[in-house]
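Undergrad: Next one to model:
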Amino acid sequence: MATTNGHLVLVGTTASGKSALAMEMARMRPGVELVSMDSMQIYRGMDIGTATPTPQEQAEVRHHLLDIVDPGEEFAVSEFKARCTAVLADLDERGVLGVLVGGTGLHVRAVVDDLEIPGRFEEVRDDLESEPDTSVLHERLRGLDAVAADRMEPTNRRRVIRALEVCIGAGRPFSSFGPGLDSYPESPFTQVGVRLPRPVVDRRLAERYEQQVAAGFVDEVRTLASLPGGLSRTARQALGYRQLLEHLEGRCGLEEAINAAVVATRRFARRQERWFRRDPRITWMDAEEDPMEVLNQVLAALDGCSDER
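TA: Numbering: from 1, shown residues only. Model prediction:
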């Protein structure tokens, strides 16, 4: 990746208000452009459930990496990284400061640390999935890449299969792809995080689902499901969408689906929190109720990026 001038990365859990905060920052600093680091906002038509910035907001402030692929398509992290790298190169060429607004931790790390992302090998993975005993797969991984095997729990089926998929498909050890996610090297990006108390995030999550359903979330999912290509394996796993699809398929009532979505999203928020907390390069800014409480702090960080350019 070409050397990237310092842009600001704003992270936080889902429903922490980071998108609204980024929007207000861009209003306060005209010329700043926003780059979505959300793995689901890339899909066209998945707008209500992913809280994609509205057309009005996008007309007011330039956004990148929204609605770029159809929901029936798979879109790997490596493809996202390539698109984002191109966006950042364009910002640098135009002398524009960007705010990367992120909730999808791996996508943020892929860009911030220029990770070398292994490709996907679907046929290999399908073959591995046919083995029901994860411990057998882990032993097979140990024979191909002992370093990778030692880095993961033998029972973590998803990670074991992914590592084996890469070893077999790429013909090289999974552990050879960069220093891994446990390394936090120096980066040209300034990273800040907005953090709200857990009970506040939980309340905001429930309220957001209520607002999304009122705004037509169920109809959005129904429309997406009826498309010729349907939803890709990745898109179907999006929080809220997965539960509403189950409702539309007659497997549960609407209230049950929403409750399940709230519970799943709260768990996801905890995982996001743990993921970001491990990165010592992120400066955290705490608000009690409203993310706008830290607006002046994040603006100061943004101004620091501008001074360094």
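Undergrad: what packs against the one helix or strand L34 maps to?
TA: Assigned by DSSP states H and E, L34 falls within strand 33-37. Strand 33-37 sits against helix 18-28, strand 63-64, helix 77-94, strand 98-102, helix 105-112, with contacts defined as 3 or more C-beta pairs under 8 Å, 6 or more residues apart in numbering; DSSP states H and E. Bear in mind the C-beta positions are built from the backbone N, C-alpha and C, glycine included.
Undergrad: A235: which of these is closest?
TA: When the helices and strands packed on strand 33-37 are compared by C-beta to C-beta, helix 77-94 sits nearest A235, at 13.6 Å.
Undergrad: report the angle between the axes of that closest one and strand 98-102?
TA: 160 degrees (axes from the mean of the first three to the mean of the last three C-alpha atoms, to 10 degrees).
Undergrad: Outside of helix 77-94 itself, list whatever touches it.
TA: 1-2, 4-5, 7, 33, 35, 37, 39, 42, 64-65, 68, 97-98, 100, 106-107, 110-111, 115, 117-119 (C-beta atoms under 8 Å, 6 or more residues apart in numbering).
Undergrad: Please convert the buried members of the residues you listed into ChimeraX selection syntax.
TA: With 16 or more other C-beta atoms under 10 Å as the criterion, this ChimeraX line picks the buried residues out of the contacts of helix 77-94:
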select :4,5,7,33,35,37,39,42,64,65,68,97,98,100,106,107,110,111,115,117,118
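Undergrad: residues near T265, how many?
TA: T265: 22 surrounding residues under other C-beta atoms under 10 Å.
Undergrad: hang on, the earlier thing: most tightly packed of the helices and strands packed on strand 33-37?
TA: strand 98-102 (a mean of 26; mean count of other C-beta atoms under 10 Å).
Undergrad: Give me the sheet partners of that one and which way each runs.
TA: strand 8-11 (parallel), strand 33-37 (parallel) (DSSP bridges).
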